[in-house]
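**Student:** can't give you the sequence, but here's the structure:
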């Protein structure tokens, strides 16, 4: 009878040792090179996309409009004061791989954002105020209903016009840039990658306003700073 036990054990042991050496060599290379910034950014992109919509900014506006009706030599008018809230959203699901650009030499990740979308206005019905004049015409005709329709349509348009103004749009875009930049900078820092994240909109190509930047920080640096403060 041929005994093969020791030979089999020796072969298995050799394979295990060889596998361990390969794992150690691979691990050593990984620790020397560190995590891949593009891989971390890609994983962060998937996480950001799963949030679906981001609302970086919300603003409340007040519209004051007046409508007038003239019939049969009579006139009537109504004024409405209508407050409403408008949300400034970004559809994060529209972010794709082409919207990320990693500059290895500069250690900079650039994220191109989809445009701001306005949602609303949501009217605060309990705070709406109305003032009227010309009661005779309103009692004799449907002038009041026509005035109400015209006022509400004009008030909602006024709220959206205010929301699209340069100041609130700038504030909304600033808030969106900072929120998205932070969403990518934090995972990079946690992975030990020091990088600058630049978030910008497609119509801002080439802009380098520092307020659009967020710098990733390694976790050990953050912990060391907190320890020093204690």
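**Tutor:** Thanks, I have the structure now. Here the structure is a predicted model, which is why all the values come from computation and not from measurement. Residues are numbered from 1 along each chain as shown.
**Student:** got the contact list for residue 72?
**Tutor:** residue 137 (Cβ atoms under 8 Å, 6 or more residues apart in numbering). C-beta: built from backbone N, CA, C; applies to glycine.
**Student:** Mind telling me what element the residue nearest to the spatial centre of the chain is part of?
**Tutor:** Nearest to the geometric centre of the chain sits residue 54, at 4.1 Å (Cα atoms, centre = their mean). Applying DSSP states H and E as the criterion places residue 54 in strand 53-71.
**Student:** next one: residue 88
**Tutor:** strand 74-91.
**Student:** Mind listing what's buried along the following helix or strand past that strand?
**Tutor:** Once the chain leaves strand 74-91, the next helix or strand it forms, by DSSP H and E, is strand 100-103. By neighbour count on 16 or more other Cβ atoms under 10 Å, the buried set for strand 100-103 is 100, 102.
**Student:** correct me, but the residue nearest to the centre of the chain touches residue 95?
**Tutor:** No. Applying Cβ atoms under 8 Å as the test, residue 54 and residue 95 come out as separate, 10.1 Å apart.
**Student:** just to revisit the earlier point, can you report the mean pLDDT over the residues of the strand holding residue 88?
**Tutor:** Confidence for strand 74-91, expressed as mean pLDDT, is 92.
**Student:** which strands and helices sit next to that strand?
**Tutor:** strand 53-71, strand 117-123, strand 129-133, helix 135-140, helix 143-163, helix 166-190 (3 or more Cβ pairs under 8 Å, 6 or more residues apart in numbering; DSSP states H and E).
**Student:** switch the cut-off to 7 Å
**Tutor:** strand 53-71, strand 117-123, strand 129-133, helix 135-140, helix 143-163 (3 or more Cβ pairs under 7 Å, 6 or more residues apart in numbering; DSSP states H and E).
**Student:** Tell me what the nearest residue to residue 154 once chain neighbours are set aside is bridged to.
**Tutor:** Leaving aside its sequence neighbours, residue 154 sits nearest to residue 65 (Cβ to Cβ, 6 or more residues apart in numbering; 4.4 Å). Judged by DSSP bridges, the bridge partners of residue 65 are residue 80.
**Student:** Could you report the neighbour count for residue 65?
**Tutor:** For residue 65, the number of neighbouring residues by other Cβ atoms under 10 Å comes to 18.
**Student:** Please apply the same query to the one 10 residues further on.
**Tutor:** Each residue near residue 75 was counted by other Cβ under 10 Å, and the total is 14.
**Student:** pLDDT below threshold where in this structure?
**Tutor:** Scanning the chain for pLDDT under 70 picks out 1-35, 134, 205-230.
**Student:** I'd like to check what contacts stretch 144-153. Which residues are they?
**Tutor:** Stretch 144-153 is contacted from outside by 65, 67, 69, 76, 78, 80, 138, using Cβ atoms under 7 Å, 6 or more residues apart in numbering.
**Student:** So the fifth one sits against residue 135, correct?
**Tutor:** No. The pair residue 78 / residue 135 is not scored as a contact, 10.7 Å apart, by Cβ atoms under 7 Å.
**Student:** quick one: which of those two has more around it?
**Tutor:** residue 78 (22 against 12).
**Student:** nearest to residue 199, of the helices and strands packed on strand 74-91?
**Tutor:** strand 53-71 (10.7 Å; Cβ to Cβ).
**Student:** Can you tell me who the closest residue to residue 202 other than its chain neighbours pairs with across the strands?
**Tutor:** Using Cβ to Cβ, 6+ apart and skipping residues adjacent in sequence, the residue nearest residue 202 is residue 112, 5.6 Å away. Beta bridges link residue 112 to residue 200 when assigned by DSSP bridges.
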